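A.B. asks: Build me a structure from this.
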Amino acid sequence: MNEARLRALRRDFLAQDLMDATRDSDVHGTVAVQARQSIAETEFLLDIASSQPLVKGVVGWLPLCSPDVDSLIERFAFDPKFKGTRHVIQDEPDDFFILREDFNRGVARLNEHGLVYDILIFERHLAQTIEFVDRHPNQIFVLDHVAKPRIKEKIISPWAERIRELAKRENVYCKISGMVTEADWNDWNPEHLRPYYDVILSAFGTGRLMFGSDWPVLTLASDYETWVHTVQTFIADLSADERDLILSGTARRVYRL
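C.D. replies: Purely as a prediction, here's the structure:
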């Protein structure tokens with residue numbers, strides 16, 4: 001069954017797919033985030049954003065290790081829908097890729113253009129990610145998928161301690177996303193996820209958390225509406241203003257939407 005679900009992801013997902021997925025979830029704006037390490041995909045996402053009002057911004061991929069990174073950043077930063085960049089650190093064979101000097105030179109060029117950097121890592125990368133963030137104290141970072149803790153195995157340490165340490169850096173924000181696909185795809189419920197949500201809430205506070213879907217990867221373990229309902233359940237005991245921050249306010253501010 002899991003292989004069939006993976007095969008279903010191996011296609012292009014277009015604007016109509018997004019509209020269909022979000023139709024029953026009261027979603028009025030999204031940020032499209034890269035999945036492939038190619039400029040062609042970045043251009044593809046920006047083309048969608050230019051014609052689809054539901055896509056308010058794009059976090060694309062650029063070759064941040066390239067000697068030509070300055071000209072590439074300037075080329076894309078001109079587009080008002082281009083909000084930031086991401087590199088799939090989790091797929092790099094070198095667990096210390098995030099500390100490479102050429103990569104960090106590229107990241108250091110983002111802030112002057114007002115661009116966000118989204119961090120995509122596994123739990124095992126957290127220690128070196130803290131060192132990476134400390135090299136860029138003025139850069140805005142968004143941690144994707146709560147750094148992918150080992151939810152399926154019900155392991156919370158040392159992930160929790162390292163998340164709390166990372167969250168001491170006030171230039172780091174965190175998306176509530178990617179949790180169901182780190183749980184058992186076929187047998188998860190919100191209570192399996194809640195201990196991990198509780199950690200990020202206490203670490204980042206409501207002002208530095210934002211809803212994220214991780215769609216379409218989300219569909220390996222959930223549908224969009226179920227995930228929205230799950231997050232709404234988690235935040236139900238917060239104030240209306242705090243809920244608004246998590247559901248939209250923080251993302252609007254961080255990504256300048």
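A.B. asks: now the helices: where do they sit in the stretch 1-150 of the chain?
C.D. replies: Remark: helices assigned in the stretch 1-150 of the chain by DSSP state H, counting those that start in this stretch are 2-8, 15-22, 39-51, 69-77, 101-107, 126-134.
A.B. asks: how about those, which one is nearest Leu245?
C.D. replies: helix 15-22 (20.0 Å; CB to CB). Yep, even glycine has a C-beta here, placed from its N, CA and C like the rest.
A.B. asks: what residues does the closest one touch?
C.D. replies: Thr30, Ile48, Ser51, Gln52, Leu54, Val55, Trp215, Pro216, Asp223, Tyr224 (CB atoms under 8 Å, 6 or more residues apart in numbering).
A.B. asks: Check stretch 210-221 too.
C.D. replies: With CB under 8 Å, 6+ apart as the test, stretch 210-221 has contacts from 2, 5-6, 8-9, 13, 17-18, 21, 30, 35, 142, 144-145, 173-178, 180-181, 183, 185-186, 188, 224, 227-228, 231, 245-248, 250-251, 254.
A.B. asks: then it to CSV, C-alphas only?
C.D. replies: Extracted as CSV, the C-alpha positions of stretch 210-221 are listed here (Å, rounded to 0.1, in the frame of the first residue of the first chain):
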residue,chain,number,x,y,z
MET,A,210,2.8,28.8,11.5
PHE,A,211,0.6,26.2,9.9
GLY,A,212,2.1,24.2,7.1
SER,A,213,0.5,21.4,5.0
ASP,A,214,3.4,19.6,3.3
TRP,A,215,0.9,18.9,0.5
PRO,A,216,1.0,16.8,-1.6
VAL,A,217,3.5,14.7,0.4
LEU,A,218,0.9,14.9,3.1
THR,A,219,-1.4,12.6,1.1
LEU,A,220,0.9,9.6,2.0
ALA,A,221,-0.8,9.6,5.4
